Structure formats: C-alpha cells, structure tokens
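In: Following is a predicted model, sequence given first.
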Amino acid sequence: PNGPYLQSQRREIYDKYVRQLLAEKRAYYCFDTAEDLDALREEAEAETGGFAYRRPDTFPTQADAEKARAEGRPVTVRFAVPQDEPLVVQDVVRGVITFAPGEISDFIIQKSDGFPTYNFACVVDDYLMKITHVIRGQEHLNNTPGQQALWRALFPDAELPKYAHMSVTVSDTGGKLSKRERPKVLRDAIKQMPDVDLEKLAAVGDITADELNAFIKGQSVPDMPGIDAMAEYLGVSLPEINIVDFRKSGYLPETMVNFLALLGWNPGDNREIMPLPELIDAFDLARLTKSNSLFDRKKLVAFNTEHIKMTPPERLREHLRDYLKVADSPVLKADDELLARLIKICEGARTLADIERKSRFLLTDAVEYDAKAVDKVLLKGDGLAILAIVRGKLAAMDQFSEEKIETMLRTLAEEKQLGLGKVAQPLRVAICGNTISPPIFDSVQLLGKEETLRRIDATLKEFGRDGKQHL
RNA sequence: GCCCCCAUCGUCUAGUGGCCCAGGACGCCGGGUUCUCAACCCGGUAACAGGGGUUCGACUCCCCUUGGGGGUACCA
C-alpha cells in the first residue's frame, strides 16, 4: 500500500525531501565534475588520509545552481553530515559501533541527472514504507551512520528501524561469494585448452571473436547466457552461484533455504535439517552469527540428500518435473506414475540430477556405452558369456515382474556359484551402457522384456565375437 | 593508505568465568552391509590464532600483534 515501488515513479517524493533538506541548510548544491573529484581524491591520497569532501563555508544558492546548470556544469546535492559528534550505530548483531566525527563525509543524495542515490532513497523508502527491520550484509555497515544521520534530519520524530548486519558468505577462493567466479573459472579453463576453436567458441557464446579475446585476456566479461553456453560447449562445470545454478544442479528449494539459513545463524540446539515451518518457528534475529562463513558444497549435498529423503513423494515429484524441464531431459516424457516409481527406486539419491542420470536409459532408444564399463564388465572375464545365458533365461520368462527377475538372477548366480554382481553387472551394462542404474530387477522390469532382449542382443552383437560364447 | 567488522576441529557451528583435558553436523579415515551408484550402520581423526593482562579460576572479560572479511562512487 506504500507504492509506487519504481524509483523512477517516486521522483517527486525524493525531490520533496531534497528540497526540504536544502531549505534547512542540511544539504547543499555541488558543481564538481568527475575530473574535479578525481583530483581531490588524488590530493587526499597524497596526504595519506582518507578522502573527505570539503564542505564550502557558504552554501551555493538556488540561483547558483540554475546558473551552473545553464553553463552545462553538473549539479548534485550533498547531505551535510553532522560533524560535531561521533555517529553511533546500534546494530542488532554487532552492538554499538562508533564512527569518529569527520569519518563520514558529506555524500551525494541527488545525482546530476536528478535521481536520488541509493543511500538517500533507501532512507526515504524505509520511512515511507514503514520498514521495521533492515537486515542486510555486512558490506552495508559503513553506509549505516550516514543513512541514520539522514533519517534523523528528515524524520526526527520517527523511531529508527532496527538494523542487523549479517556476516558475509565467502568463497573458498577468497572474497565474497560472487557472480564473477563463474566467468573466472571459464576463462581459466579456456586458457588450459590450447587447441580450442575460438571462432566456434565465440559463435557458441553469441559474441564476436574480439569480445572473446578481450574476455580471455581478462578485459571484459560477456553476459551470463554466453558464459553458460560456452562452458557447456567445452564441458566445463562452473561453480554454482546464482540460485538458478543450484536448480540446474538438482538441489531442492527446501535444501537451499535450510542450508542458507544455517550460514550465519543457528537455532541454538543441535538441529540442522529442518522443514520450512520449523525453520521459521526457530528463527530468531538474536542468534545471528558475527563471523563470515564459507560456502561448503559438500555439506550442501548432504543437506540435499536429507531433504530428498524427507520430502513427501508428491512434492518431490513436482520438484523432479521442474528439474527435468530445466535440464531439458528425455525423462520428461515419463508420466506421473513412472516418475513416482523412479523416485522410489532411486532412494538415497543425493540430487535430482542423480535420479535423472539413473533413469535416462529408460527413456532413450540408443544405449551409449561407457568404454570403461564395457571393458571391465563385458570384455574382461566371462561377462559376455554370462550375458548370453541371462538372455536365454529372460527370454524364457512368461511373467516379467521384479520378483521373478530377482529370483531368476539369484538362482542363476547360485547355480554358477557366482556373486550376484557377476550376473547383474553385464546385464546392467547391456541395458543402460554403464554401471550406474537403479536396482537391476527394477531396471529390467521397467524396460520391459522385449526392449531388454533387444538391448542384450545389440550388446552381444557389438562386443561379442559370435555372440554365443559359453561359460 | 584510511575506516569498520570478525577470529573454537579442514568446513558450518555450540559455548555469555568454574558444567569444557571443549559438544553437534558435514568432510576425511577405518570397518560393516550391498547387484552398480548412492543410501544405511558402527568406530575414529581433528579446534579455543599468538602474546600480555584481569581473576582463586579463563574458550569465555580487557589490551596488543597477527590473520581474514567488508567499505572507501553522481552502483546498489
């Protein structure tokens, strides 16, 4: 009810408060160009102190401002920050923080294009929108004394909102967890690949060869879609940073909320894995942590495993479907019933991507053989011979249920005095091309008798000398 | 450079002067279970950054050092 919420639509509101400050001599016009300010900063640096804008003894008048504007000089408005006493910030997580007089210098509240700066707009907005708590990252702590001084000048009778400055989540490579990490990883990867086709790569990223070159040299960064496309083309996996990255990697929304909540906060007991309602109930501003935290992806995966286990089946199915859409997976063809079944037999999966990976073979026609798996399971030892026997047994079955398939395979293994693995693995590689799949009995049953036999035959033909070797 | 914040196992953290030769979780290591990958079960490893104070007693309070992070824009 306090809108409009677009800054461009709130210009009159901000202007009103700027005029008020100007009239009260708590703000003043400035006509410095960018070059002027650069020079001032350089000067200040030479004197080893920090830069502080020097307030003029007498403030320019409205007429001065109009004249400057007419002459084409930039006109900005600065807030005259109270300099007679320290600025004290009361922070919910950090307590009392004192900034010495002079530490916060007069900052711009209205830009030369007439727009308010963030530090001004947020104060006006917080007041008008009746904000009670300002909860943000530590990077804003140094803005706070200025903002609060502004609040007191503008709304002396109104109580300040509560301020809570949270710790920052840092990356294992040092510094804030930042979007810039993705391009950086890609750039380093490209440098490691001497014979990459740069022309093709630029085309994939939808940028020019020059732009790609500048990117590799570290002079510029293309937009994210381009970065993503190039990474995919090169087979480089980028660290997840944006929330969509985590979605694409198969993490549940519940996992992200839970994990992120525990970075810089804890409930005070040993609880970690919590469903959303419990999390909300347990949350308390007073338990925010002061020190920075590092984003540990291994622990994230563990959290996701737990959340996949505790999410109700129907809900998990919806999450899976969302994931499959994002991943553009062939498994998307599966109906609700099949998806539910896949979730069930993939029990213990760590991410939705795990489920997808294991289920793929059911929804694709061509089997992609993993060379290592074929070599180890089929070519070395009696894999092919056993597979031929299994084929015969499967072909002879009239009831094709998981139970019957299990009984058959176990009996066969016993007869041949082999571990079940010796019998199951060749079959697994034959139907899905690698050694990773749901339990073999379910896998075979879901594939169906006809298709299973077809794939076994194709495998025997592809890798067997005559396809009729015997044990 | 200057200003601000922070400092317990590898990581996230519990701990607010005696309950702590420091608890939990993830990881890691070892073992068990097992048709693959996971999951699961059992066990283990591992920390109060350093130095000064204060106190009968410091992980806990104070100071310094060191280290990490943030800010230093007519960006948000």
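Out: That came through fine. These numbers come from a predicted model, not from an experiment.

In: show me where pLDDT drops low in chain A?
Out: A:48-49, A:465-471 (pLDDT under 70).

In: Tell me which stretches of the stretch 51-200 of chain A form helices.
Out: A:62-70, A:118-128, A:144-154, A:181-192, A:198-204 (DSSP state H, counting those that start in this stretch).

In: Quick one: closest of those to A:Q138.
Out: helix A:144-154 (10.5 Å; C-beta to C-beta). For the C-beta atoms, the positions are set from N, CA and C on the backbone; glycine is no exception.

In: okay, the angle between that closest one and helix A:118-128?
Out: 50 degrees (axes from the mean of the first three to the mean of the last three C-alpha atoms, to 10 degrees).

In: Give me the contacts around helix A:144-154.
Out: Helix A:144-154 has contacts (C-beta atoms under 8 Å, 6 or more residues apart in numbering) with A:17, A:20-21, A:24, A:26, A:79, A:81-82, A:87-89, A:91, A:97, A:99, A:103-104, A:107, A:109, A:119-120, A:122-124, A:126-127, A:158, A:160, A:163, A:165.

In: repeat that with 6 Å
Out: With contacts defined as C-beta atoms under 6 Å, 6 or more residues apart in numbering, helix A:144-154 is touched by A:17, A:26, A:79, A:81-82, A:87, A:89, A:99, A:104, A:107, A:119, A:123, A:160, A:163.

In: cool, and stretch A:412-421?
Out: Outside stretch A:412-421, the residues that reach it (C-beta under 6 Å, 6+ apart) are A:V423.

In: Please identify the buried residues of it?
Out: For stretch A:412-421, the neighbour count (16 or more other C-beta atoms under 10 Å) marks A:412-413 as buried.

In: Now render the helices of the stretch 51-200 of chain A as JSON lines, adding distance to RNA strand B and mean neighbour count.
Out: Below are these laid out as JSON lines (distance: least, C-beta to the nearest atom of the strand, whole Å; neighbours: other C-beta atoms under 10 Å):
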{"stretch": "helix A:62-70", "distance to RNA strand B": "10", "mean neighbour count": "13"}
{"stretch": "helix A:118-128", "distance to RNA strand B": "3", "mean neighbour count": "19"}
{"stretch": "helix A:144-154", "distance to RNA strand B": "9", "mean neighbour count": "21"}
{"stretch": "helix A:181-192", "distance to RNA strand B": "12", "mean neighbour count": "17"}
{"stretch": "helix A:198-204", "distance to RNA strand B": "28", "mean neighbour count": "15"}
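
In: Now distance to A:R317 too, for those, in JSON lines please.
Out: Output for those, formatted as JSON lines (distance: least, C-beta to C-beta, whole Å):
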{"stretch": "helix A:62-70", "distance to A:R317": "62"}
{"stretch": "helix A:118-128", "distance to A:R317": "41"}
{"stretch": "helix A:144-154", "distance to A:R317": "46"}
{"stretch": "helix A:181-192", "distance to A:R317": "30"}
{"stretch": "helix A:198-204", "distance to A:R317": "34"}
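
In: For A:C30, find the nearest of these.
Out: helix A:62-70 (9.3 Å).

In: tell me which parts of the stretch 301-450 of chain A are close to RNA strand B?
Out: A:301-302, A:305-306, A:309, A:347-350, A:354, A:358, A:419-421, A:424-425, A:428, A:435-441 (C-beta under 7 Å from any atom of the strand).

In: And the buried ones among those residues, selectable in PyMOL?
Out: Buried members of these, defined by 16+ other C-beta under 10 Å, are picked up in PyMOL with:
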select buried, chain A and resi 301+302+305+306+349+350+354+358+424+425+428+437+438+440+441
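
In: quick one: A:V257 from A:A302, how far?
Out: 16 Å (C-beta to C-beta, to the nearest Å).

In: Same question for A:A63.
Out: Distance of A:A63 to A:A302, given as C-beta to C-beta: 67 Å.

In: and if you look at A:K358?
Out: Taking C-beta to C-beta, one finds A:K358 at 19 Å from A:A302.

In: Contact residues of the stretch 101-250 of chain A facing RNA strand B?
Out: Going by C-beta under 7 Å from any atom of the strand, the residues of the stretch 101-250 of chain A near RNA strand B are A:103, A:107-108, A:111-113, A:115, A:117-119, A:138-143, A:167-168, A:170, A:174-176.

In: Show the buried residues in the residues you listed.
Out: A:103, A:107-108, A:112, A:117, A:119, A:138, A:140-141, A:143, A:167-168.

In: okay, now A:Y323: neighbour count?
Out: Using other C-beta atoms under 10 Å, A:Y323 has 23 neighbouring residues.
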